[in-house]
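J.: below are the sequence and a predicted model for it; my questions follow.
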Amino acid sequence: MTRFTLNAAMEYAANDDIEAWIHLFLNGEGDNVGLSEGLKMKRRYWLGPIEINISYLERVVGPESNMEYVEDENLWNHNINQISDRIESGWDVPPLIAENREGFLSVRDGNHRLGALQKLNKEKCYVVIWDDSSVENILKAVQKKNKM
């Protein structure tokens, strides 16, 4: 059985198969079949899991009105509190999944995990990033953020 943890993702990445882990995760505990199916529609280039500053990531889910996917504030807070408890109990948090969008790292899966990490004042997290053109584009985006 595949473990949906950072360590498991690292093992898949070490075997140059992070994309397989992504789809297993999204179709399992990640509960994001739609993203998995969308990712399969064309070739993607992957980097990670890598540890980066949380400030580099952009959430697309949350109670804020400017979010791509607005969630009820009570539901958001309930989910964030549950995930925060798991993190504080030593959960091996699966990496977030982000898309490089012209230098912006848009979190496409893991917005609740990111919200919980922010609530806990964590500065860094692990993420797997994809780009439709090349790994070099991802590296440029991350390097650009590191210089900021």
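T.: Great, that's in hand.
J.: tell me the centre residue of the protein?
T.: Most central in the chain under CA atoms, centre = their mean is residue 96, positioned 1.7 Å from the mean C-alpha point.
J.: count of neighbours near the nearest residue to it once chain neighbours are set aside?
T.: Leaving aside its chain neighbours, residue 96 sits nearest to residue 110 (3.3 Å; criterion: CB to CB, 6 or more residues apart in numbering). Using the backbone N, CA and C atoms, a C-beta is placed for each residue, glycine as well. A count of nearby residues for residue 110, using other CB atoms under 10 Å, gives 27.
J.: my guess is residue 110 contacts residue 94. True?
T.: Yes: using CB atoms under 8 Å, residue 110 is in contact with residue 94, at 7.4 Å.
J.: beta partners of the residue nearest to the centre of the chain?
T.: residue 127 (DSSP bridges).
J.: got the contact list for it?
T.: By CB atoms under 8 Å, 6 or more residues apart in numbering, the contact set of residue 96 is 57, 107, 109-110, 113-114, 125-128.
J.: ok, 7 Å please
T.: 57, 107, 109-110, 113-114, 125, 127 (CB atoms under 7 Å, 6 or more residues apart in numbering).
J.: now for these, which sits with the most neighbours around it?
T.: That'd be residue 110 among the contacts of residue 96, by other CB under 10 Å, with 27 neighbours.
J.: C-alpha coordinates for stretch 55-73, PDB please?
T.: Provided in PDB are the C-alpha atoms of stretch 55-73 (Å, rounded to 0.1, in the frame of the first residue of the first chain):
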ATOM      1  CA  SER A  55       5.800  32.800   1.300                       C
ATOM      2  CA  TYR A  56       6.600  31.700  -2.300                       C
ATOM      3  CA  LEU A  57       3.300  29.900  -2.600                       C
ATOM      4  CA  GLU A  58      -0.100  31.200  -3.600                       C
ATOM      5  CA  ARG A  59      -3.200  29.700  -2.200                       C
ATOM      6  CA  VAL A  60      -6.300  29.300  -4.500                       C
ATOM      7  CA  VAL A  61      -8.700  28.000  -1.900                       C
ATOM      8  CA  GLY A  62      -9.800  29.900   1.200                       C
ATOM      9  CA  PRO A  63     -12.500  32.100   2.700                       C
ATOM     10  CA  GLU A  64     -11.100  35.200   1.100                       C
ATOM     11  CA  SER A  65     -13.300  36.700  -1.600                       C
ATOM     12  CA  ASN A  66     -10.400  36.900  -4.100                       C
ATOM     13  CA  MET A  67      -9.700  33.200  -4.000                       C
ATOM     14  CA  GLU A  68     -10.200  31.100  -7.100                       C
ATOM     15  CA  TYR A  69     -12.200  28.600  -5.000                       C
ATOM     16  CA  VAL A  70     -13.900  30.400  -2.100                       C
ATOM     17  CA  GLU A  71     -14.700  28.200   0.800                       C
ATOM     18  CA  ASP A  72     -17.100  28.900   3.700                       C
ATOM     19  CA  GLU A  73     -15.100  30.400   6.500                       C
END
